[in-house]
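S.K.: give the three-dimensional model of this entry:
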Amino acid sequence: MPSRFLRCEIVHAEHGSSVVGLAAYIARARRSDDSGSVYNFAHRGAELLGHGLILPGDAPDWAHDPAALWRAAERAEQTIDRRSGERRWKKGGQIARHMTIALPREVTPEQREAMLLAFIATELQPERHGVAIEWAIHADDHNPHAHLLISTRALGAAGFGKKARAMNPGFASRGAAHFVSDGDDWDKRWAAFQDAWFALVNRPAVAAGLNVLDAGGDFADGVISYDGYWLGGETFVSFDKKAVSLIAKQGQKAKLLA
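M.R.: Got it, this is the predicted structure:
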């Protein structure tokens, strides 16, 4: 059964968090912020299974550099102190939303990436809201997972502008101060999305007469992928004659259990 885990957190400007450092960790890269601090996770590059940057169509050229993108996101949450004349964080400033998502073990790495990108496109809708998203998938034999770093402000030709409030289902306000709710309902939306996604990708297997549960099934060894191909061990074993016949026709080793 695929995991329903999704954690959503807000990267707050005033809490000593560095969105540039977090982005470096997510991308397993080496990056520096405006203060000159360097964050280096390049030595863990082997753990990175997939990575990308999703930007609005009118994003400026410099935004295609993730390090420059998140440095600009930090600057957007800063202002000039009237008394000292120095830059400081805006009160209650929120730089980005960080999502950690458990991905199903029952599918191939390619399918995990396709699933993640489909979730981003249909549920987060970055093009509609004008936000920037950096995503990555990390290798873990027992817990494959993804990270999403999502700007709280819309990105346009002139850089970061107003907060993308429309994409926050739990958006709240305190008088004149607005903020993004940490809770929202993203975990429920992720669970519902997985149900819909697995129903779609398993349709060919179900049509073939296989008794499929989510991406897996009642088989003794392994799972059936979305296109009906065997993804398991060296030999497919099952009590299901149709399943054994399907796998055998694909040229794979299959054994019927009596």
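
S.K.: packing partners of whatever helix or strand Ile26 lives in?
M.R.: Using DSSP states H and E, the element containing Ile26 is helix 19-27. Helix 19-27 sits against strand 30-32, strand 38-40, helix 66-75, strand 94-102, strand 133-138, strand 145-151, with contacts defined as 3 or more C-beta pairs under 8 Å, 6 or more residues apart in numbering; DSSP states H and E. Heads up, the C-betas are built off the backbone N, CA and C, glycines and all.

S.K.: go through these and find the least confident stretch.
M.R.: With a mean of 89, strand 94-102 has the lowest mean pLDDT of these.

S.K.: partner strands of that strand, with direction?
M.R.: Using DSSP bridges, the strands paired with strand 94-102 are strand 6-12 (antiparallel), strand 145-151 (antiparallel).

S.K.: give the buried residues for that strand.
M.R.: By neighbour count on 16 or more other C-beta atoms under 10 Å, the buried set for strand 94-102 is Gln94, Ile95, Ala96, Arg97, His98, Met99, Ile101, Ala102.

S.K.: hmm, who's touching it?
M.R.: Applying C-beta atoms under 8 Å, 6 or more residues apart in numbering, the external contacts of strand 94-102 come out as 2-13, 17, 19, 22, 70, 73-74, 76-77, 116, 119, 143-152, 179-180, 186, 190.

S.K.: mind checking what helix or strand follows it in sequence?
M.R.: helix 109-119.

S.K.: tell me what angle that following helix forms with strand 94-102.
M.R.: Counting by axes from the mean of the first three to the mean of the last three C-alpha atoms, to 10 degrees, helix 109-119 lies at 140 degrees to strand 94-102.

S.K.: closest to Arg112 out of the helices and strands packed on helix 19-27?
M.R.: strand 133-138 (6.3 Å; C-beta to C-beta).

S.K.: render the CA-only coordinates of that closest one in CSV, please.
M.R.: C-alpha atoms of strand 133-138 as CSV (Å, rounded to 0.1, in the frame of the first residue of the first chain):
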residue,chain,number,x,y,z
ILE,A,133,9.1,25.2,-7.9
GLU,A,134,12.4,23.3,-7.4
TRP,A,135,11.8,19.6,-7.1
ALA,A,136,14.0,16.6,-6.4
ILE,A,137,13.7,12.9,-5.8
HIS,A,138,16.1,11.2,-3.3
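
S.K.: nearest spatial neighbour of Asp34, skipping sequence neighbours?
M.R.: Nearest residue to Asp34 in three dimensions, chain neighbours excluded: Arg71, at 5.5 Å (C-beta to C-beta, 6 or more residues apart in numbering).

S.K.: poorly predicted segments of the stretch 101-250 of the chain, please.
M.R.: 106, 141, 168-184, 186-187, 196-240, 243, 247, 250 (pLDDT under 70).

S.K.: show me where it has helices.
M.R.: For the stretch 101-250 of the chain, applying DSSP state H, counting those that start in this stretch gives helices covering 109-119, 126-129, 186-201, 203-207, 241-249.

S.K.: who touches the second one?
M.R.: Going back to what we said before, that points to helix 126-129. Ile54, Pro56, Gly57, Ile120, Ala132, Ile133, Ile150, Ala154, Ala164, Ala166, Met167.

S.K.: dihedrals phi and psi, the closest residue to Asp140 other than its chain neighbours?
M.R.: Computed as C-beta to C-beta, 6+ apart, the closest residue to Asp140 that is not its neighbour in sequence is Glu47, at 7.9 Å. Note on Glu47: its backbone torsions stand at phi -80, psi -10 [degrees, to the nearest 10].

S.K.: from Lys163, how far off is Glu47?
M.R.: 33 Å (C-beta to C-beta, to the nearest Å).

S.K.: cool, thanks, talk later.
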